[in-house]
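Undergrad: sequence first, then the predicted structure:
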Amino acid sequence: VTIPYFIKKEIISGEIQFSLFESILRSGEKPELADILASLFEYDIDFNRDIRKKDTFSVIVEKRFLKGKFITYGPVLAAEFVNKGKAVQVIRYTDAEGKTSYYHPDGRSVKKMFLRCPLPFMRVTSRYGSRRHPIMGFSSRHNGVDFGAPVGTKVRATASGIVSYHGYSKGRGRYIIIRHPNRYHSHYYHLSRFSKTIRRGI
């Protein structure tokens with residue numbers, strides 16, 4: 001017998017002190033809501049590098065209850081994140097053909113060509129630009145951003161594309177290079193292992 005959920009719409013808001021994850025927990029909500037919000041804003045905000053103390057968020061979300069007990073979150077209907085004084089808003093919309101997606105208020109799709117970050121909620125261990133080499137000791141230019149994450153964390157491609165190279169080298173460790181439209185390439189180094197589905201040319 002299927003017992004229907006009781007669905008309630010709630011407005012949840014908060015202010016960043018340390019991280020989105022911590023702020024969601026402090027507001028009395030479950031950590032899954034942080035993942036949902038991060039996925040909605042991931043094309044506009046890098047939650048590892050961009051957010052600042054005093055940033056704010058607000059979200060209208062469906063919450064599903066069974067026999068009076070909270071079970072899970074339903075879809076987010078609208079959300080706003082104010083990052084460094086700039087408000088980014090997203091709205092859920094279903095078109096005449098029944099396709100549901102998220103848009104900015106001016107009608108632009110939330111999805112863009114590139115994600116801001118391939119990993120959610122990870123710490124930045126080395127930034128882009130000039131830095132002191134961690135092994136050799138001299139200063140040199142670092143043409144990437146290093147993230148610290150537990151071994152086995154899934155790394156997402158920042159955009160759709162075709163695998164140009166994957167393999168191992170002394171400096172890069174296990175690495176993958178992906179070719180994207182308009183002659184862009186993204187590089188992913190120091191990976192712990194490859195997915196079994198990774199193939200050059202696909």
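TA: Perfect, thanks for sending it.
Undergrad: show me where this structure has its strands.
TA: 6-15, 56-66, 69-83, 86-94, 100-103, 123-126, 129-132, 139-142, 146-148, 162-169, 173-179, 185-191 (DSSP state E).
Undergrad: ok, the residue lying closest to residue 155 once chain neighbours are set aside - contacts?
TA: Excluding the flanking residues, the one nearest residue 155 by CB to CB, 6 or more residues apart in numbering is residue 118, at 5.2 Å. C-beta coordinates here come from the backbone N, C-alpha and C atoms, glycine included. Under the criterion of CB atoms under 8 Å, 6 or more residues apart in numbering, the neighbours of residue 118 are 147, 155-158, 188.
Undergrad: that older thread, nearest to residue 202, out of the strands of the chain?
TA: strand 162-169 (6.3 Å; CB to CB).
Undergrad: show me the contact partners of the closest one.
TA: Outside strand 162-169, the residues within contact range by CB under 8 Å, 6+ apart are 174-179, 185, 194, 198-202.
Undergrad: same check on stretch 80-100?
TA: 37, 40-41, 44-45, 50-52, 55-59, 75-79, 101-105, 110.
Undergrad: ok, now with 10 Å
TA: 13, 15-16, 20, 37-38, 40-41, 43-47, 50-52, 54-61, 75-79, 101-107, 109-110 (CB atoms under 10 Å, 6 or more residues apart in numbering).
Undergrad: repeat for stretch 101-115
TA: With contact meaning CB under 10 Å, 6+ apart, stretch 101-115 is reached by 39-44, 46, 75-76, 78-80, 87-95, 156-160, 180-182, 184, 186.
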